[in-house]
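# here are the coordinates; sequence isn't available:
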């Protein structure tokens, strides 16, 4: 079975959600076998999930069956993007929570999700293709990351090894299941037979805190903004004796907040582990061992077990001396096969062969710990979600009919425009299309968008904060 | 700016709406974008604008436009 789940006691509980529902390990193999019986040929399925037991059951069963290849999406995916994805990839099946009211011929109904057939044809799928995730949660790009079955095994093994996960763990999962880091939490914890406490409740909801305390969570994984909420909620004054591990990913955390959590963990016998990763590599690629949490705060640490980080200079030559900046590269079995931009790409095999240039600029210190200093790619990570700058420019162009230049930091996106009358329109449009909080966008009016002679925008001439 | 105008400005900034759209019905249940990120932003701006340090109970209770007003009044801010 996937992740060697056959070795786990089938009566153990895989997950408990905040509605009180439970899922046992035996049920994954049952649903997987059921899918194999129901689905005659390997087919593409859009799987729209919520953070509940049913979400985990369907994701893991589809992956184990190898009969359904899911594109895992937020059930609240913006409709224009959802339609675009349907049009581009033309799935045979859709599986979604019952309240989503899927159209089509109902094939199965379990765990409050409905599996329906919406087409008689299916795209050609590569035999190794396990699942697909969107590259960007918000900017409406239909570009997907193509994962293979080996990626799941590698992520499960690597992550459970460096976090030292065990069967008695009860991780609290607030990260969405359709988000690479959330999914990797599932892979790594299932591999050791742990019990995931999964919830879609907002961290500002009293029931969230009740769930955390009553279910005696032993670890918490979040993005920087999750820890801002913990901080605001006076987390440091709470009595949480069962909580043993705090882990962070999804972009760089403000240094003062990082130190605050690292010190708290050191003083209270808990572990604080910051991590680095990308969707292209099935989430985690590097981690900062707890012993260095304070001494090397801000570092992404070392490669995960079985992985390898390296740097190359602008000519592509390896950098071997400490404190020299270059593009960070990664090698390991968790590197995905490549992207899909259209339906035909789903037939493609592995285009990366376990190696990827990350697009992040970094250096390493004498101990081999890496520090990210910048990014070559045109995207930001707002609230841990990747937001494409070019895609945002495209949205403004299409919906507001004006040209703009998007730059910024992981704190805020700056949108430069030349027409002052459009300021509100541009902001409203971006907020609507990306579903990102309006305070993340600042619209600035300038006389002219700087360009070179060829008409290419000169982003370097625009202040990024 | 009056305190009420400052309060309204927080909501118009966070949700990208006009003050006219705010009112008794503006809440977590009626505004689909209202998630923990938005709530956190409202709280941060309330604390910054009115120089407050809110309790977790207030943060959790801040789930509507009206609840926001009540939190300010409770913390001694006149609207």
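Looks like it arrived, so ask away. Source: prediction; values computed, not measured. Numbering: from 1, shown residues only, chains lettered A, B, ... in the order given.
# tell me the residues of chain A that contact chain B?
Within chain A, the positions lying close to chain B (CB under 8 Å from any CB of the partner chain) are A:202-206, A:209, A:225, A:228-229, A:232-234, A:383, A:427-428, A:431, A:435-439. For every residue, glycine as well, the C-beta is placed using N, CA and C.
# and chain B, which residues reach chain A?
Residues of chain B lying close to chain A (CB under 8 Å from any CB) are B:13-16, B:33, B:35-41, B:43-45, B:55-56, B:59-60, B:62-63.
# from the residues you listed, which would you call buried?
B:13-16, B:33, B:35-41, B:43-45, B:56, B:59-60, B:62-63 (16 or more other CB atoms under 10 Å in any protein chain shown).
# how about the closest residue to chain A within chain B, nearest residue that isn't a chain neighbour?
Distances between chain B and chain A by CB to the nearest CB are smallest at residue B:16, namely 3.6 Å. Of all residues not flanking residue B:16 in the chain, residue A:438 sits nearest, at 3.6 Å (CB to CB, 6 or more residues apart in numbering or on different chains).
# contacts only, for that neighbour.
For residue A:438, the contact set (CB atoms under 8 Å, 6 or more residues apart in numbering or on different chains) comprises A:427, A:431, B:13-16.
# tell me which of these is nearest to residue A:47?
residue A:431 (27.3 Å; CB to CB).
# buried ones in the strand or helix carrying the closest one?
Residue A:431 is part of helix A:423-434 when elements are defined by DSSP states H and E. Applying a neighbour-count criterion of 16+ other CB under 10 Å, one finds A:425-431, A:433-434 buried in helix A:423-434.
# want to throw the residues you listed into a markdown table with pLDDT?
Formatted as a markdown table, the entries for those read as follows, by pLDDT from 0 to 100:
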| residue | pLDDT |
| --- | --- |
| A:425 | 93 |
| A:426 | 95 |
| A:427 | 93 |
| A:428 | 91 |
| A:429 | 92 |
| A:430 | 92 |
| A:431 | 89 |
| A:433 | 86 |
| A:434 | 85 |
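# would you map the helices across chain A?
A:25-38, A:53-65, A:79-89, A:149-162, A:180-191, A:206-214, A:224-232, A:255-267, A:389-400, A:423-434 (DSSP state H).
# these into TSV, with extra columns for distance to residue A:100?
Conversion of these to TSV gives the following (distance: least, CB to CB, whole Å):
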stretch	distance to residue A:100
helix A:25-38	19
helix A:53-65	12
helix A:79-89	11
helix A:149-162	26
helix A:180-191	19
helix A:206-214	23
helix A:224-232	26
helix A:255-267	36
helix A:389-400	25
helix A:423-434	21
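# which pair of the contacts of residue A:438 spans the longest distance?
Between any two of the contacts of residue A:438 (CB to CB), the greatest distance is 11.8 Å, for A:427 and B:14.
# and the residue of the stretch 1-150 of chain A nearest chain B?
Taking CB to the nearest CB, the stretch 1-150 of chain A has residue A:76 as its residue nearest chain B, at 8.1 Å.
# so what's the residue count around that residue?
By other CB atoms under 10 Å in any protein chain shown, the residues close to residue A:76 number 15.
# just residue A:67 next, same as before
18.
# give the contact list for the closest residue in space to it that isn't next to it in sequence.
Leaving aside its sequence neighbours, residue A:67 sits nearest to residue A:39 (CB to CB, 6+ apart; 4.4 Å). By CB under 8 Å, 6+ apart, the contact set of residue A:39 is A:65, A:67-68, A:93, A:107.
# pLDDT at residue A:39, what is it?
pLDDT for residue A:39: 96.
# what is the strand or helix carrying residue B:6 packed up against?
Assigned by DSSP H and E, residue B:6 falls within helix B:3-15. Helix B:3-15 sits against helix B:36-49, helix B:65-74, with contacts defined as 3 or more CB pairs under 8 Å, 6 or more residues apart in numbering or on different chains; DSSP states H and E.
# beta partners of residue A:417?
In this entry, residue A:417 is beta-bridged to residue A:445, by DSSP bridges.
# now do the same contact list for residue 43.
I went with chain A, as the question did not name one. Shown in contact with residue A:43 (CB under 8 Å, 6+ apart): A:67-69, A:91-93, A:122, A:125.
# oops, chain B please
Counted by CB under 8 Å, 6+ apart, residue B:43 has contacts A:232, B:54, B:58-59, B:62.
# next one: residue A:281
A:330, A:332, A:334-336, A:356.
# that one and residue A:338, how far apart?
According to CB to CB, to the nearest Å, residue A:281 and residue A:338 sit 12 Å apart.
# repeat for residue A:125
Distance from residue A:125 to residue A:338, by CB to CB: 14 Å.
# still on that earlier bit, of the contacts of residue A:39, grab the buried ones for PyMOL.
A single PyMOL command selects the buried members of the contacts of residue A:39 (16+ other CB under 10 Å):
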select buried, chain A and resi 65+67+68+93
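# domain assignment for chain A?
Taking automatic domain parsing as the criterion, chain A consists of the domains A:2-373, A:386-461.
# spatially nearest residue to residue A:436 (excluding sequence neighbours)?
residue A:382 (5.7 Å).
# if you could redo that for residue A:430, that was the one I meant.
Spatial nearest neighbour of residue A:430, excluding adjacent residues (CB to CB, 6+ apart): residue A:441 at 5.4 Å.
# that neighbour and residue A:177, how far apart?
On the measure of CB to CB, residue A:441 and residue A:177 end up 27 Å apart.
# for residue A:438, same thing?
26 Å.
# and if you look at residue A:274?
Look at residue A:274 and residue A:177: by CB to CB, they are 22 Å apart.
# also residue A:414?
Using CB to CB, we find residue A:414 at a distance of 32 Å from residue A:177.
# cool, residue A:284 as well?
For residue A:284 relative to residue A:177 (CB to CB), the value is 16 Å.
# check residue A:290 too.
27 Å.
# so for the two, which residue has more residues nearby?
Between residue A:290 and residue A:177, counting by other CB under 10 Å, residue A:177 is the more crowded of the two (24 against 21).
# quick one: the more buried one and residue A:57 touch, right?
No - using CB atoms under 8 Å, residue A:177 is not in contact with residue A:57, being 10.9 Å away.
# spit out the contact partners of the residue of the stretch 201-350 of chain A at minimum distance from chain B.
Taking CB to the nearest CB, chain B has its nearest neighbour within the stretch 201-350 of chain A at residue A:202, 4.1 Å off. If you count contacts by CB under 8 Å, 6+ apart, residue A:202 has them with A:208, B:35-36, B:39.
# kind regards, and thank you for your time.
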